[in-house]
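Colleague: curious how this folds, go ahead:
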Amino acid sequence: MLLRSAIKRAIENAQQQGKLPFCVVATAGTTTTGNIDPLQDINAIAREYDLWFHVDAAYGGALIFSEAQRSRLAGIEHADSITFNPQKWLYVAKTCAMVLFRDMSALTNAFRVSAPYMRDTEGFINLGEISVQGTRHADVLKLWLSLYHIGKSGYAQLIEESYRLTEYFTRLVRKRPFLELASSPEMNIVCFRGVPPWIPEARWDQWNTDLQEYLLREGNVFLSLPTYRGHYWLRAVLLNPYLEEEIIDQLFELVDRFAQETI
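Modeller: I've put the predicted structure just below:
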């Protein structure tokens, strides 16, 4: 309800300032924490104010392949346009990104630039006329080959295994009182940090920076260190299909050892 109120307030404030809001953008898989916006609620607001509804599902769009997890995307079917990057959770080599439109004519009418040396393309869409790139690599071939080789059931298995490992990783974070989660994971991204009570809070950012370096040096494990809510957090992406619980256990053994060394 707070989000709905905030979005409505932002729209109405813009209108009162003489501006013309035209689009609401929801995210299905934020970069740092992997959270998914309430797509159903945001779509309802977009319809109420007659706004374009776009969903950035660059990462989370892959959930559509999993029967067990696709409900997390409920509401995305109402989007006017969707960003999706198979180069992320579908394991397709870069670059492979796309924007999907509910109404293809909206894309062609907005972006088409006809060249005088080209014949009229009535009856089919000349993709070279609706892109600033014109001629492009056939990146869709990589996606087609991946879908042909792995298939829907294969992707479902990969996604659901990611969730199993995410749950296991999250459980180990919660078992340690000197660690905290940024949020409850909604995808295969776990964002957490150390909040060691034995050092001043002002030094927690440095403690997490040192932990990141320690894990890389001692365990050959890399966790990214994004800034979130004004502080440094550690970010694990459980995407590797060869990852096993034993490796996660080893990671947390190193976390415990580092914590002991800093007491």
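Colleague: contacts for the helix or strand that contains residue 53?
Modeller: Element membership for residue 53, per DSSP states H and E: strand 52-56. Strand 52-56 has contacts (C-beta atoms under 8 Å, 6 or more residues apart in numbering) with 22-29, 39, 42-43, 46-47, 76, 78-83. For every residue, glycine as well, the C-beta is placed using N, CA and C.
Colleague: narrow the residues you listed to those in strands?
Modeller: 23-27, 81-83 (DSSP state E).
Colleague: pick the one among those closest to residue 256.
Modeller: Each of the ones in strands among the contacts of strand 52-56 was scored against residue 256 by C-beta to C-beta, and residue 27 proved nearest at 33.9 Å.
Colleague: nearest residue to the closest one in space, please, no chain neighbours.
Modeller: Nearest residue to residue 27, sequence neighbours excluded (C-beta to C-beta, 6 or more residues apart in numbering): residue 56, at 4.8 Å.
Colleague: tell me what angle the strand holding residue 53 forms with strand 23-27.
Modeller: Angle between the axes of strand 52-56 and strand 23-27 is 20 degrees (criterion: axes from the mean of the first three to the mean of the last three C-alpha atoms, to 10 degrees).
Colleague: in strand 52-56, which residues are buried?
Modeller: If you call a residue buried by 16 or more other C-beta atoms under 10 Å, then strand 52-56 has these buried ones: 53-56.
Colleague: okay, those residues in JSON lines with distance to residue 69 next?
Modeller: Formatted as JSON lines, the buried residues of strand 52-56 follow (distance: C-beta to C-beta, whole Å):
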{"residue": "53", "distance to residue 69": "22"}
{"residue": "54", "distance to residue 69": "22"}
{"residue": "55", "distance to residue 69": "16"}
{"residue": "56", "distance to residue 69": "18"}
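Colleague: got the domain boundaries for the chain?
Modeller: According to automatic domain parsing, the chain comprises the domains 2-144, 160-261.
Colleague: so for residue 150, which of these sits nearest?
Modeller: Between residue 150 and the domains of the chain, the tightest spacing by C-beta to C-beta is seen for domain 2-144, at 7.8 Å.
Colleague: quick one: distance of the closest one to the chain centre.
Modeller: Relative to its parent chain, domain 2-144 has a centroid offset of 13 Å by C-alpha atoms, centre = their mean, to the nearest Å.
Colleague: can you give me the strands in the protein?
Modeller: Secondary structure of the chain by DSSP E: the strands cover 23-27, 52-56, 81-84, 98-101, 179-181, 189-194, 227-228, 231-232, 234-237.
Colleague: which one of those strands is the most hemmed in?
Modeller: Mean neighbour count (mean count of other C-beta atoms under 10 Å) peaks for strand 189-194 among the strands of the chain, with a mean of 24.
Colleague: just the helices in the stretch 51-200 of the chain please.
Modeller: All helices of the stretch 51-200 of the chain, identified by DSSP state H, counting those that start in this stretch, fall at 104-111, 140-174.
Colleague: what comes up buried for the shortest one?
Modeller: The reference is to helix 104-111. Per 16+ other C-beta under 10 Å, helix 104-111 contains these buried residues: 107-108.
Colleague: from here on, count from 50
Modeller: Noted, 50 is the first residue going forward, which turns the last one into helix 153-160.
Colleague: state the mean pLDDT of that helix.
Modeller: For helix 153-160, mean pLDDT is 80.
Colleague: keeping just the C-alphas, turn it into PDB.
Modeller: Presented in PDB, the C-alpha positions along helix 153-160 are these (Å, rounded to 0.1, in the frame of the first residue of the first chain):
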ATOM      1  CA  MET A 153       4.500  -4.200 -32.400                       C
ATOM      2  CA  SER A 154       3.100  -1.200 -34.200                       C
ATOM      3  CA  ALA A 155       4.000   1.000 -31.200                       C
ATOM      4  CA  LEU A 156       7.600   0.100 -31.800                       C
ATOM      5  CA  THR A 157       7.500   0.600 -35.600                       C
ATOM      6  CA  ASN A 158       5.600   3.900 -35.400                       C
ATOM      7  CA  ALA A 159       7.900   5.400 -32.800                       C
ATOM      8  CA  PHE A 160      11.200   4.300 -34.200                       C
END
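Colleague: start and end of stretch 264-281, how far apart?
Modeller: One end of stretch 264-281 to the other measures 15 Å (C-alpha to C-alpha, to the nearest Å).
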